[in-house]
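here are the coordinates; sequence isn't available:
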């Protein structure tokens, strides 16, 4: 006859501690996730709205310059106020012009490119080489052109990593504190 050893059951205090610790972990994780999601959505909306305003302002500048004769498109694009993490493209007369050789029309999503060339204002988020981008296309019908500004969202992603890490640490510290209090009490 073989004797079996059954694990000792946890006492009431230990079971209550485990239940409250798990409940606290779930609650802290849910609250951190909710707060992070709200902050992320707010910051993303603000960044996109800012990019849209800048794009349409730049499109008006481009329209004014294209109306004048002999406008140097490349110099014009380079002179636009876009910010360090933004690049500009202009489609005019069947040709694309860009402020950077690293971003051309082929890197844009086909749907955005097609809508822009068709004269429809459009926005789209997409990824290029692991980097999230936000593009805004502004038709300039009076000049037969389309201005597109592509802004990187890398800075926003980096900014959001800090509170995400802090929220995870806070949830872990809360769990350990509750478990310690439950064990001690």
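Everything's here; your move. If you're wondering where the values come from, they're calculated on a predicted model, not measured in any experiment. Numbering: from 1, shown residues only.

bridge partners for the closest residue to residue 150 other than its chain neighbours, pull those for me.
Excluding its sequence neighbours, the residue lying closest to residue 150 (C-beta to C-beta, 6 or more residues apart in numbering) is residue 135, at 4.6 Å. In this view, the C-beta of every residue, glycine as well, is placed from N, C-alpha and C. For residue 135, the beta-bridge partners are residue 124, residue 150 (DSSP bridges).

report how many residues lie close to residue 135.
Residues near residue 135, counting by other C-beta atoms under 10 Å, number 25.

likewise residue 114?
Counted by other C-beta under 10 Å, the residues lying close to residue 114 total 12.

quick one: it from residue 127, how far?
Relative to residue 127, residue 114 is positioned 19 Å away (criterion: C-beta to C-beta, to the nearest Å).

quick one: whichever helix in the chain runs longest to chain centroid distance?
Using DSSP state H, we find that the single longest helix of the chain is helix 12-67. On the basis of C-alpha atoms, centre = their mean, to the nearest Å, helix 12-67 sits 9 Å off its chain's mean C-alpha point.

the helix or strand that comes right after that helix - contacts with which helices or strands?
Sequence order places helix 73-79 as the next helix or strand after helix 12-67, per DSSP states H and E. Applying 3 or more C-beta pairs under 8 Å, 6 or more residues apart in numbering; DSSP states H and E, we find helix 73-79 packed against helix 12-67, strand 86-92, strand 95-98.

I'd like the average pLDDT over the longest one.
Read it as helix 12-67. Regarding helix 12-67, the rounded mean pLDDT is 84.

quick one: that helix to strand 86-92, angle?
Helix 12-67 and strand 86-92 are oriented at 40 degrees to each other (axes from the mean of the first three to the mean of the last three C-alpha atoms, to 10 degrees).

quick one: closest of the helices and strands packed on helix 73-79 to residue 140.
Distance to residue 140, taken as C-beta to C-beta, is lowest for helix 12-67 among the helices and strands packed on helix 73-79, at 4.7 Å.
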